[in-house]
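Q: Compute the structure for the input listed below.
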Amino acid sequence: MALSWGTIASAATITVTTSDDELNNDGDCSLREAVAAANTDEEVDNCEAGEDGPDDIVFSPILALGTISLGQQAIAVTDSVSVDGGLTAGSLTISGDFLYRIFVVRDTANLALSNLTLIRGRAERGGAILVAPNSSLSTSNVSFIRNEATGDEATDGGGAIYFNGSSGTLEDTVFETNQASGTSGSGGAVFVNGTRSAVEIASSTFLRNTSNRAGGAIENRDGALTLTDTDFTTNDAGTNPGNGGALHLSGSGTASIEGGTVSRNSAVEGGGFWNSSAEMMVEGTTFTDNVASGAGTADRIQG
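A: This next block holds a predicted model:
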């Protein structure tokens, strides 16, 4: 999988010059202003105007290893936009400060993220990112750490990302200590919702993510999920009812899983993977030391 817009060249490169989260006319270019310029193809504050086609957002070297902390609601993406934090993974951090979701990708928009860390996002669904119907998200060399989805319903959750009838291509991505903290919140890191959702995850890591209902790391409800060489370690699905310490597959969802290691995950039922009645194919995946605390349940795949 490649993080790109195919053969279409980027139309404009917009450089962020301040770590302030602002939308004004003070002579600099914030991340929020850069996204607005890409969305509208107009100059915003001191940000270059975007153009037809996907635009690239990059950061001034003075912001390297810094943090942008949001002071208002999620940054909305309504066009095709890529955001690159630098030459190395995690070289720039964006924080929701446990108050705000970080990005929302609106209908038919496309967001590509690379070399970033997204932390402390908070919302009912998709603590860091909500991907709306008919839109898409791509990530490469991105870390999602300590993001939280607070919604109480069984269809709420996705501590880091919530795909709602949308698509995703995630590679070399780390999900660590994210949570779906609502009463029936599912998908501690990722929630794939709806028959139009299709998400591919490769060469990625899910570590210490938690939910209260199901899918300590991932909840797939009716969507199509593909996992390749992806590791799940010490994720927990809670106790309400607590299905699928690493992955919960439900409804008409499908999962195709190849390679990777599923280790030391825990749940009441299905300490590793839980398949409620859907289609799951697993090949070459290693399961070790997963724990299902309920009577008569398996520590690997329960269905």
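
Q: T239 contacts G245, doesn't it?
A: No: using C-beta atoms under 8 Å as the test, T239 is too far from G245 to be in contact (11.5 Å). C-beta: built from backbone N, CA, C; applies to glycine.

Q: bridging residues for A112?
A: When bridges are taken as DSSP bridges, the partners of A112 come out as S82, S138.

Q: The spatially most central residue of the chain: what's it in contact with?
A: Against the mean C-alpha coordinate of the chain, by C-alpha atoms, centre = their mean, the closest residue is I161 at 3.3 Å. By C-beta atoms under 8 Å, 6 or more residues apart in numbering, I161 lies in contact with 126, 128-131, 137, 144, 168, 189-191.

Q: If you rank these by neighbours, which is first?
A: A189 (37 neighbours; other C-beta atoms under 10 Å).

Q: isn't that one right next to L207, touching?
A: No: applying C-beta under 8 Å, one finds A189 not in contact with L207, separated by 9.2 Å.

Q: Need the overlap of contacts for these two.
A: Residues touching both A189 and L207 (C-beta under 8 Å, 6+ apart) are 175, 235.

Q: for the stretch 51-200 of the chain, what are the low-confidence residue spans?
A: 87-90 (pLDDT under 70).

Q: if we go to 90?
A: Scanning the stretch 51-200 of the chain with the threshold set as pLDDT under 90 gives 52-53, 64-65, 86-91, 107.

Q: picking up where we left off before, which one's more surrounded, T239 and G245?
A: Between T239 and G245, counted using other C-beta under 10 Å, the more crowded position is G245 (37 against 12).

Q: isn't the more buried one right up against A214?
A: No: judged on C-beta under 8 Å, G245 makes no contact with A214 at a distance of 9.6 Å.

Q: Mind listing the shared neighbours of those two?
A: By the contact definition C-beta under 8 Å, 6+ apart, G245 and A214 are jointly contacted by 237, 267.

Q: from the chain's centre, how far out does stretch 111-120 sit?
A: Centroid displacement of stretch 111-120 relative to its chain, using C-alpha atoms, centre = their mean, to the nearest Å, is 9 Å.

Q: Which parts of the stretch 1-150 of the chain are helices?
A: 31-40 (DSSP state H, counting those that start in this stretch).

Q: Would you map the strands across it?
A: Using DSSP state E, counting those that start in this stretch, the strands of the stretch 1-150 of the chain run over 13-16, 55-59, 67-69, 75-77, 80-84, 93-95, 103-105, 110-119, 122-123, 129-131, 136-145, 148-149.

Q: tell me the angle of the second one relative to strand 80-84?
A: Spelled out, it's strand 55-59. Inter-element angle recorded for strand 55-59 and strand 80-84: 20 degrees (by axes from the mean of the first three to the mean of the last three C-alpha atoms, to 10 degrees).

Q: quick one, strand 55-59 and helix 31-40 angle?
A: Interaxial angle of strand 55-59 relative to helix 31-40 (the same axes, to 10 degrees): 170 degrees.
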